[in-house]
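*Asks:* Build me a model from this:
(chains A and B)
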Amino acid sequence: MTPEEIINPANRVYSRPRLLTEVNTHYCPGCSHGVVHRIIAELLEEMGLEDRAVGVAPVGCAVFAYNYIDVDWVEAAHGRAPAVATALNRLWPDNLVFTYQGDGDLAAIGTAETIHAANRGENIAIIFINNAIYGMTGGQMAPTTLIGQKTATTPYGRRVDLNGNPLNISDLLAQLEGTCLVTRQAVHTPAAVRKAKAAIKKAFENALAKKGTSVVEIVSTCNSGWKMTPAQSNEWMAEHMTARYPLGDLKNV
Amino acid sequence: MKGNEAIAHAAIRYGVDGYFGYPITPQSEVLETLEAEMPWETTGMVVLQAESEVAAINMIYGGAAAGKAVMTSSSSPGVSLKQEGISYIAAAELPALIVNVMRGGPGLGTIQPSQADYFQATKGGGHGDYHLIVLAPSSVQEMADFVALGFDLAFKYRNPAMILADGIVGQMMEKVVLPEPRPRRTQQQIEEQCSWAATGRHGRKHRNVVTSLELDPARMELNNERFQRTYAEIEANEVRFATHYTDDADYLIVAFGSVARICLKAIEEARAQGVKVGLLRPITLWPFPKAEIARLARQVKGILTVELNAGQMIDDVRLASECRVPVAHFGRMGGIVPNPAEVLDALYNHFPEAKK
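*Replies:* Purely as a prediction, here's the structure:
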C-alpha cells in the first residue's frame, strides 16, 4: 500500500472513536486508563447511547475522565460516585449511568457507598480500575496493593501485620443479591481488550435492562507508580496481579 | 401536625423530585412521613433511605447535578457528616434544599433542641469560601412554607439553601395550611430551566459536566469571584426578617426560630410593666439583616440576643450594630429551653436601667 492509500478513509481500519474527544489526555504513556476510555467511547457510540449516557467521574487519576468522553458527566467527591449515580439513575431512569472509579475511590474511602449501591441493586454499571496503587497522589498504598509491593507509603513492601491484607472487593460484591454481573478483566493484550469490551458492553446492557448492579473490574497497570516501563508493567501485572485477582467472571446472571 | 411532618407534606406538594435521608432524632419524621405517604405512587417523587448521611448528601449532589429538585434532612451530628457534600454542591453551583433540625452538641450531645449550629450553617460549615441561604422557621407553618421558599431561592441563584430549624419547631404540633399541590417539572421544563444539568444530552450538541474542580489558579479565582458575586446579589435581594414592637423600642431582643416566640412573650410582659422592648427575628440567618439591626442600633439603648447556644449569632448582631450600643447574650444549652421570665430577668440583669 502507498501512504496515500493508507490515509484514504475507505481503507482505514482503526481511528479515534467519535465520542473520544480530540484532546491529549493527562494519563502517563502506558497507562491502562486510555484503553478503557477508548472501549467506553466505542461502546457508547456502537450502542447509540451518547444521548442518554451519564458518567460519574471519581477522585483519582480518572478525575478528568469527563474531558475525554463526549457525554454528560458529574464529578463526584472521593468515593461517593455510587451514591451520586444512585440519584442520577433513580431520577432519570431511562439514562445509562456508569461510574468510573479507581481502587482507592471504590475500595477504600468509598467502600460503604459501593457496597450499599450494589446491595440495593442500583441499575448502574461500575467500571473499577484496580492498579493496586494511588496514582494521582504519587504512588501510595491502595487497599488492593499486593503483599510485599513497594509504594510511597510502604517503602519496604506491604506487610500484613502493619498494613493488613489486599482487599478483593469484587469477590465481596459478587456475594450481594443486588449484583448481576461481577467480572474481572484486563487490557494488557489485544485479546484481553476484546474480552474487557464485551464485559463492559454486558454491564451497559444490564443497566439498561434494569437487571441490577454490574461491576467490571479492570486489573490495570500504573507504570509510573510501579516504577517500571509499560512493557514491564504488563508482564508484572500478568504475573503478580492476576495471581491475587484472577481474571474471569465472578458472577454473571 | 409536627413541623417535621409539615416539611414532608410540603415537599410532596411543591413537586420535589427526590428526597434522600438517613434517620436521626429529632427529625426522623420527615423520612417516616414520606415513606408512609408513598409519593412515588402519586407525584413520582423518589424517596430513598440512604446508608449514611454522607451517601444521602452525595445523592443530593447527583440529583441536583441532573437538574432535579432534591432535598435531604438531618440533625446536627448528621449535618456535620454532610458538610463535605454541601461544600461540593455549593462549589458546583447546584440548587438543593438541606434541612437541619438542630439538637444539642458538640459530639453526640443530646437529642433535645438547640441552636448551636448557627456558626456551621452561616459561616460555611464545609471547606472553602461559600455560603448557604439559611432560613430559620419559628413555626410549623414556616416549616411548610420554607420548603417552597428554599427551593425557589436555590434555583434562582443556583445555590444550596438550608432550613435551620431547632428541635422544638421540628417536634412541635401546630395547625398548618399546606400549599396547593403542583405537578413536578417535566423533562422539557427541566432541560429549559437547567441547561447546565447532566440530564443526558438528548440531542444537545455539547456535553454538560458538573464539577467543582479547576486546577488552573487563574480560572479557579474567576470561579471564586463568580461565587462571591452570587453571594453579594443574595445579600442585596434576599434579606428577610420580622419585627415586633420596634417602632418605639428602647431595648431590642434579637432571636431566631422558636426562641423568638418565647422572647415575644417576654416582651409583652415587659411592655405590661412599662418597659419598651422590641423584637427582631431574622428569618434569613444568611443573608443576615444587618441594615435593620444597624438602623435599630441608632434607636435603642441596648440589644440582647437570646439563643439556644453559648452565643453565636451575637457576633453578627455586634458587627451589624457597629458597636453603637452594648450587645449582650443570654442562652441556654444542653437542650434546656428558657421561659419568658428567664429572658426578662436576663434583659434586666444586663440592662438594669431598663426597669426604671
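
*Asks:* Enumerate the residues of the stretch 51-200 of chain B near chain A.
*Replies:* B:51-52, B:54-56, B:58-63, B:65-66, B:68, B:70, B:84-85, B:88, B:92, B:198-200 (CB under 8 Å from any CB of the partner chain). C-beta: built from backbone N, CA, C; applies to glycine.

*Asks:* at 7 Å instead, please
*Replies:* For the stretch 51-200 of chain B, the residues in contact with chain A (CB under 7 Å from any CB of the partner chain) are B:51-52, B:55, B:58-59, B:61-63, B:65-66, B:68, B:70, B:84-85, B:88, B:198-200.

*Asks:* Run the chain-centre distance for the lowest-mean-pLDDT helix or strand in chain A.
*Replies:* Of the helices and strands making up chain A, the lowest-confidence element is helix A:3-6, at a mean of 82, by mean pLDDT, DSSP states H and E. Per CA atoms, centre = their mean, to the nearest Å, the displacement of helix A:3-6 from the mean C-alpha position of its chain is 36 Å.

*Asks:* Touching it from outside, list them.
*Replies:* Applying CB atoms under 7 Å, 6 or more residues apart in numbering or on different chains, the contact partners of helix A:3-6 are A:Asn11.

*Asks:* Flag every buried residue along that helix.
*Replies:* Within helix A:3-6, no residue is scored as buried using 16 or more other CB atoms under 10 Å in any protein chain shown.

*Asks:* Counting by contacts, list what the lengthiest helix in chain A packs against.
*Replies:* Longest helix in chain A, counting residues (DSSP state H): helix A:190-208. With contacts taken as 3 or more CB pairs under 7 Å, 6 or more residues apart in numbering or on different chains; DSSP states H and E, helix A:190-208 sits against helix A:33-46, strand A:96-102, strand A:125-130, strand A:179-186, strand A:213-219.

*Asks:* most tightly surrounded among the ones you listed?
*Replies:* Highest mean neighbour count of the helices and strands packed on helix A:190-208: strand A:96-102, a mean of 30 (counted as mean count of other CB atoms under 10 Å in any protein chain shown).

*Asks:* Next secondary structure element downstream of it?
*Replies:* Next in sequence after strand A:96-102, counting helices and strands by DSSP states H and E, comes helix A:103-104.

*Asks:* I would like the residues contacting that following helix, please.
*Replies:* Against helix A:103-104 from outside (CB under 7 Å, 6+ apart): A:Gly60, A:Asn130, A:Asn131, A:Ala132, A:Tyr134, A:Ala142, A:Pro143, A:Thr144.

*Asks:* Sketch out the low-pLDDT regions of chain B for me.
*Replies:* Applying pLDDT under 70 to chain B flags no residue at all.

*Asks:* pLDDT wise, what is the closest residue to chain B within the stretch 101-250 of chain A at?
*Replies:* Closest to chain B within the stretch 101-250 of chain A is A:His116: 3.8 Å, counting by CB to the nearest CB. You'll see A:His116 listed with a pLDDT of 98.

*Asks:* Check the burial of it by counting its neighbours.
*Replies:* Applying other CB atoms under 10 Å in any protein chain shown, we find 19 residues neighbouring A:His116.

*Asks:* Please identify which helix or strand holds it.
*Replies:* A:His116 belongs to helix A:111-120, assigned by DSSP H and E.

*Asks:* Could you check the angle that helix makes with strand A:179-186?
*Replies:* 130 degrees (axes from the mean of the first three to the mean of the last three CA atoms, to 10 degrees).

*Asks:* Please put the alpha-carbon coordinates of helix A:111-120 into PDB.
*Replies:* Only the C-alpha atoms of helix A:111-120 are listed here, as PDB (Å, rounded to 0.1, in the frame of the first residue of the first chain):
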ATOM      1  CA  THR A 111     -16.400   1.200  50.400                       C
ATOM      2  CA  ALA A 112     -19.800   1.900  52.100                       C
ATOM      3  CA  GLU A 113     -21.200   3.700  49.000                       C
ATOM      4  CA  THR A 114     -20.000   0.800  46.800                       C
ATOM      5  CA  ILE A 115     -21.400  -2.000  48.800                       C
ATOM      6  CA  HIS A 116     -24.700  -0.300  49.500                       C
ATOM      7  CA  ALA A 117     -25.400   0.800  46.000                       C
ATOM      8  CA  ALA A 118     -24.600  -2.700  44.800                       C
ATOM      9  CA  ASN A 119     -26.700  -4.300  47.600                       C
ATOM     10  CA  ARG A 120     -29.700  -2.100  46.600                       C
END
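
*Asks:* Can you tell me what sits against it?
*Replies:* Contacts of helix A:111-120 (CB under 7 Å, 6+ apart): A:79-80, A:82-83, A:85-86, A:106, A:124, A:173, A:176, A:178-179, A:213, A:215, B:51-52, B:55.

*Asks:* any idea how far that helix is from the chain center?
*Replies:* Put simply, helix A:111-120 sits 17 Å off its chain's centre (CA atoms, centre = their mean).

*Asks:* got the residues of chain A near chain B?
*Replies:* Residues of chain A lying near chain B (CB under 7 Å from any CB): A:50-54, A:63, A:66, A:70-77, A:80, A:83-88, A:90-92, A:95, A:112-113, A:116.

*Asks:* Select from those every entry located in helices.
*Replies:* A:Ala83, A:Val84, A:Ala85, A:Thr86, A:Ala87, A:Leu88, A:Arg90, A:Leu91, A:Ala112, A:Glu113, A:His116.

*Asks:* Out of those, name the two that are farthest from one another.
*Replies:* A:Leu91 and A:Ala112 (21.2 Å; CB to CB).

*Asks:* who has more neighbours, the two?
*Replies:* Using other CB under 10 Å as the criterion, A:Leu91 and A:Ala112 rank with A:Leu91 on top: 26 against 17.

*Asks:* ok, the closest residue in space to that one that isn't next to it in sequence - contacts?
*Replies:* In this structure, A:Leu91 finds its nearest non-sequential neighbour in B:Lys68, 4.6 Å apart by CB to CB, 6 or more residues apart in numbering or on different chains. With contacts defined as CB under 7 Å, 6+ apart, the neighbours of B:Lys68 are A:Leu91, B:Asp17, B:Gly18.

*Asks:* Tell me where chain B has helices.
*Replies:* Under the criterion DSSP H, chain B contains helices at B:3-14, B:29-37, B:53-65, B:76-91, B:118-122, B:140-157, B:167-171, B:187-193, B:217-237, B:258-272, B:290-297, B:313-321, B:340-350.
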